[in-house]
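**Student:** After the sequence you'll find the predicted model.
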Amino acid sequence: MPLPQAPQDPHQHPYQDAGLPVERRVEDLLSRMTLEEKAGQLFHSMLMMNADGTPVTDTDGSMLPHTTPELIGERLLTHFNLLGTYGAREMALWQNSVQEMAAATRLGIPVTLSTDPRHAFTDNIGASFNSGAFSAWPEALGLAAIGDPELVRAFADTVRREYLSVGFRVALHPQIDLATEPRWARQTGTFGSDAELTGELVRAYVRGLQGERLGAQSVSAMVKHFPGGGPQKDGEDPHFAHGKEQVYPGGMREHHLEPFKAAIAAGCAQMMPYYGQPIGTDWEEVGFGFNKGVVTGLLREELGFEGIVCTDWGLLTDSVIFGEVHPARAWGLEHLSVAERAARSLEAGADQFGGEQCPEVVVELVRSGRIAESRIDDSVRRLLREKFVLGLFENPYVDPDLAEATVGRADFTALGAAAQRRSLTVLTNRDSFLPLSGRPKLYVENVDPAVAAAYGDVVADPAGADLAVLRLRTPYEPRENVFESFFHSGSLAFPEPELAGILGLLDTVPTLVCVNLERAAVLPEIAERAAALVADYGAADAALLDVAFGRAEAQGRLPFELPRSMAAVAASRPDVPNDTLDPVFPAGHGLRLPGASPDGG
């Protein structure tokens, strides 16, 4: 069945004539737009879809206040990010339905769809989704543990192909903040604490997504979070009011800019400022999305960035998430009205408001004389130009059959599985415990017994086992707020009852402990008493067991240090990489196992 095509009458719509220069097409379309249509371009909001691939046409059971038809047909938005995990065919069908709605509007401006990362294991509605139908790779921290720019480029190229097949044209990543505050919840999406390595990897990442130049086969990279969100006071996250302060007691502010310079040099198309409110610097103490000295002065004028600036989500209006009210993240400007906040962000140099759905506010700002329409035109030009360059006006639709054949393709899945194995980081290996051999009696915790059964005889009692395999998550302090509970923050040490149970197992049977590092962990006692200690950054049980039994080679090195105590963490400076006293393992630590497969599985 042929796919629907966008209206293409060059006499009626000269802006759709692909033979004309992009700039002329942009100006022609801009000249035809009403103020309301221009305002709609300035909002990059969320959409959800039904599991069968149909658009959401009511708000029952949805966190979003407006339906898809309302947002496209009435509020005239054309930029959206998709929330949730779905099948490949269903996403493609949904994408085509959304584009049909857009084609039916007065000007037929196609929709640009974006997504948070969805190629790994973390599932946080505020930051990323698990891989679902897509190929499964380690988190960005795991790519940093491998430290291979060519692998990162191959990863980003795989992401590009899978995204294109279902219609995603903007990646709300890579995240290139430096992981300098060990408690910060967002470290799993970073490349760790090393600015030079992060710069090398982001160059590869951007080119894997976009190619050498942005074009019809590109996915636009929205790099975040400018000017570096790592130095959060006490490691709290600025999604929440108690985490809004960003501090630089070590004087390392410029150091956090280095990866962004690399991203700009690589040609990244978009940039997202973070929520953080800088404290104690010569920058104005308002969130970065409102900060003219940072967005216009630093990003645009000093660093020469010419692409799209999209704010992080939810700077203007309060929102209800999981039934709980969250204030707008207008840090430093909480006292202003929604319209005043929007004006401040536009004056700062932002082109789009992430996660907002209120174009009427921009219309009123222009009609009241508070913001000149020419200022709105500047941003609309950037946004329309990207749509033209990406080829959305010529071909906004995707092929559901091709999507189903591309997403999770066998070779993509194999690349991701090999990367999982390579990323594993061997921290200790007492008495050459690893690699394992034969078919031992295995006791497992937090490991699928059906998977473990391929490597040994699984037993129910550790006392009757030859060895144990224990998988752990990085410790964190649970938060009562439902949305905040997804952001694992607070202490990095295992609570005493849990630690006692872990150590009891280690004293009962020789145990391989694998700790998933979404941020640093405090585990000196475990490191001392485990038969072997391994770190993972998103890896399947089979990946761990392949490494443990010498069927694949672990090549990872720690992308940040592992502190000795929470006292050392509290005494460290949030903006300084690897600043804790006497860490258990320094950044870069990683052992090689004898006799492992050199091809990584």
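**Tutor:** Nice, I can see it. These numbers were taken from a predicted model, which means no experiment stands behind them.

**Student:** Name the nearest residue to residue 487, sequence neighbours excluded.
**Tutor:** Among residues not flanking residue 487 along the chain, residue 185 sits closest, at 4.0 Å (C-beta to C-beta, 6 or more residues apart in numbering). (C-beta placed from N, C-alpha, C; glycine too.)

**Student:** Would you agree the one you found falls within a strand?
**Tutor:** No. Read with DSSP: H, G, I helix; E, B strand; the rest coil, residue 185 is coil and lies in no strand.

**Student:** can you pull out the helices in the stretch 51-200 of the chain?
**Tutor:** For the stretch 51-200 of the chain, applying DSSP state H, counting those that start in this stretch gives helices covering 68-69, 88-103, 140-146, 149-166, 195-210.

**Student:** what's near enough to touch residue 586?
**Tutor:** 558, 561, 578 (C-beta atoms under 8 Å, 6 or more residues apart in numbering).

**Student:** Can you tell me how far it is from residue 560?
**Tutor:** 9 Å (C-beta to C-beta, to the nearest Å).

**Student:** Name the residues contacting each of the two.
**Tutor:** By the contact definition C-beta under 8 Å, 6+ apart, residue 586 and residue 560 are jointly contacted by residue 578.

**Student:** I'd like the helices of the stretch 51-200 of the chain laid out as CSV, including mean neighbour count and mean pLDDT.
**Tutor:** Converted to CSV, the helices of the stretch 51-200 of the chain look like this (neighbours: other C-beta atoms under 10 Å; pLDDT from 0 to 100):
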stretch, mean neighbour count, mean pLDDT
helix 68-69, 20, 94
helix 88-103, 22, 97
helix 140-146, 29, 98
helix 149-166, 21, 98
helix 195-210, 23, 98
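
**Student:** Of those helices, give the one that comes closest to residue 313.
**Tutor:** Closest to residue 313 of the helices of the stretch 51-200 of the chain is helix 68-69 (C-beta to C-beta; 17.9 Å).

**Student:** Domains in this structure, by residue range?
**Tutor:** Here the domain parsing of the chain from automatic domain parsing is 14-406, 424-571.

**Student:** With distance to residue 594 as added columns, please give those in TSV.
**Tutor:** Formatted as TSV, those follow (distance: least, C-beta to C-beta, whole Å):
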stretch	distance to residue 594
domain 14-406	20
domain 424-571	7
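
**Student:** So which of those domains is nearest residue 414?
**Tutor:** domain 14-406 (8.5 Å).

**Student:** how far does the least confident helix or strand in the chain by mean pLDDT sit from the chain's center?
**Tutor:** Lowest on mean pLDDT, DSSP states H and E among the helices and strands of the chain sits strand 319-321, with a mean of 86. Centroid displacement of strand 319-321 relative to its chain, using C-alpha atoms, centre = their mean, to the nearest Å, is 21 Å.

**Student:** Can you point out the buried residues in it?
**Tutor:** Residues 319, 321 are the ones in strand 319-321 that count as buried (16 or more other C-beta atoms under 10 Å).

**Student:** strands paired with that strand, and their directions?
**Tutor:** strand 324-326 (antiparallel) (DSSP bridges).

**Student:** Could you identify the helix or strand that succeeds the partner strand?
**Tutor:** helix 338-348 (DSSP states H and E).

**Student:** any weak-confidence spans in this structure?
**Tutor:** Under the criterion pLDDT under 70, the flagged ranges of the chain are 1-14, 59-63, 123-128, 595-601.

**Student:** Tell me how far the residue in it sticking out farthest from the centre lies from residue 329.
**Tutor:** No residue in the chain sits farther from the centre than residue 464, which is 43.0 Å out by C-alpha atoms, centre = their mean. Distance, residue 464 to residue 329, by C-beta to C-beta: 53 Å.

**Student:** Near residue 346, how many other residues are there?
**Tutor:** By other C-beta atoms under 10 Å, the residues close to residue 346 number 22.

**Student:** What about residue 217, how many residues nearby?
**Tutor:** Quick note: residue 217 (other C-beta under 10 Å) scores 12 neighbours.

**Student:** Now for it: which residues touch it?
**Tutor:** Counting by C-beta under 8 Å, 6+ apart, residue 217 makes contact with 160, 164, 211.

**Student:** Let's verify it: helix, strand, or coil?
**Tutor:** Taking three-state DSSP, the label given to residue 217 is coil.
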